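# Coordinates only, no sequence provided:
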């Protein structure tokens, strides 16, 4: 990936921005230089290991309704939100369709897409460890989100919402496309602003409960 690939907004699908070679009809896979059969097997094995085996006492039960999944072709790049040592975060527009009895409606939602940075992945070990980290991040966020709504004993509020994951399995995503990705909400406020907002919601809920309790006590006395 070059600086031109991430320079700014584009209406081109993200996969074309990242990997397409304009001089050939054959798509160049960005991780092909380190993707060996051993790497693919390691990623397949990792995805097939259930997290309950490692964290069964700490995580809730498997999720009955998984997070929506998407493909690279569903997204259009708009801008670069940031980058780390081994990853990029793009703002993307994600298309989704809903069917009614007469029409099909397509809507577009802004999301933050996190994926691996091909230029930083120099060895097979780099790919294995960073792909595993990204997959683990998605898995744990999904479980925390589920526990916050379905398990009162795990009443967490995820700082950031997981909105989608890569539909293609972990190993295959690097062999067929631009690799695994996760889709997160685009945060407009700071961490402190978000915590203050949640604190106000909790305070308002506590106040409302006290008012209701007081009113009930007055009714019981009358």
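Thanks, I have it. Keep in mind the model is a prediction, meaning the values are calculated, not measured.
# need the next SSE after the least confident helix or strand in the chain by mean pLDDT, C-terminal direction.
Least confident helix or strand of the chain, by mean pLDDT, DSSP states H and E, is helix 14-19 with a mean of 47. Moving toward the C-terminus from helix 14-19, the next helix or strand (DSSP states H and E) is helix 37-48.
# Counting by contacts, list what that next one packs against.
Contacts defined by 3 or more CB pairs under 8 Å, 6 or more residues apart in numbering; DSSP states H and E place helix 37-48 against helix 124-150, helix 170-176. The C-beta positions use only the backbone N, C-alpha and C, and glycine is treated the same way.
# Number of residues surrounding the residue nearest to residue 42 when sequence neighbours are not counted?
Ranked by CB to CB, 6 or more residues apart in numbering and with sequence neighbours excluded, the top spatial neighbour of residue 42 is residue 128, at 5.3 Å. Neighbour count for residue 128, taken as other CB atoms under 10 Å: 19.
# try residue 88
22.
# so can I have CSV of the helices and strands packed on helix 37-48 showing distance to residue 112?
Listed next are these as CSV, based on distance: least, CB to CB, whole Å:
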stretch, distance to residue 112
helix 124-150, 12
helix 170-176, 18
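# hey, which of the ones you listed is tucked in deepest?
helix 170-176 (a mean of 20; mean count of other CB atoms under 10 Å).
# need the next SSE after that one, C-terminal direction.
Helix 170-176 is succeeded, C-terminally, by strand 181-184 (DSSP H and E).
# Can you spell out which helices and strands pack onto that following strand?
If you count contacts as 3+ CB pairs under 8 Å, 6+ apart, strand 181-184 packs onto strand 104-116, helix 124-150, strand 162-166.
# just checking, what packs against the first one?
If contacts are counted by 3+ CB pairs under 8 Å, 6+ apart, strand 104-116 sits against strand 75-83, strand 87-99, helix 124-150, strand 162-166, strand 181-184.
# let's see it at 10 Å
helix 14-19, strand 75-83, strand 87-99, helix 124-150, strand 162-166, helix 170-176, strand 181-184 (3 or more CB pairs under 10 Å, 6 or more residues apart in numbering; DSSP states H and E).
# just the shortest one next, same as before
In terms of contact count using 3+ CB pairs under 10 Å, 6+ apart, strand 162-166 is assigned the packing partners strand 69-70, strand 87-99, strand 104-116, helix 124-150, strand 181-184.
# pLDDT averaged over stretch 117-132 - what is it?
Across stretch 117-132, pLDDT averages out at 94.
# right, and the helices and strands packed on strand 181-184 - which one's nearest residue 43?
Closest to residue 43 of these, according to CB to CB: helix 124-150, at 5.8 Å.
# Any chance you could list what contacts stretch 124-134?
Contacts with stretch 124-134, where a contact means CB atoms under 10 Å, 6 or more residues apart in numbering, come from 31, 33-36, 38-40, 42-43, 46-47, 84-87, 114-118, 120-121, 123, 165-166, 170-171, 173-174, 179-182.
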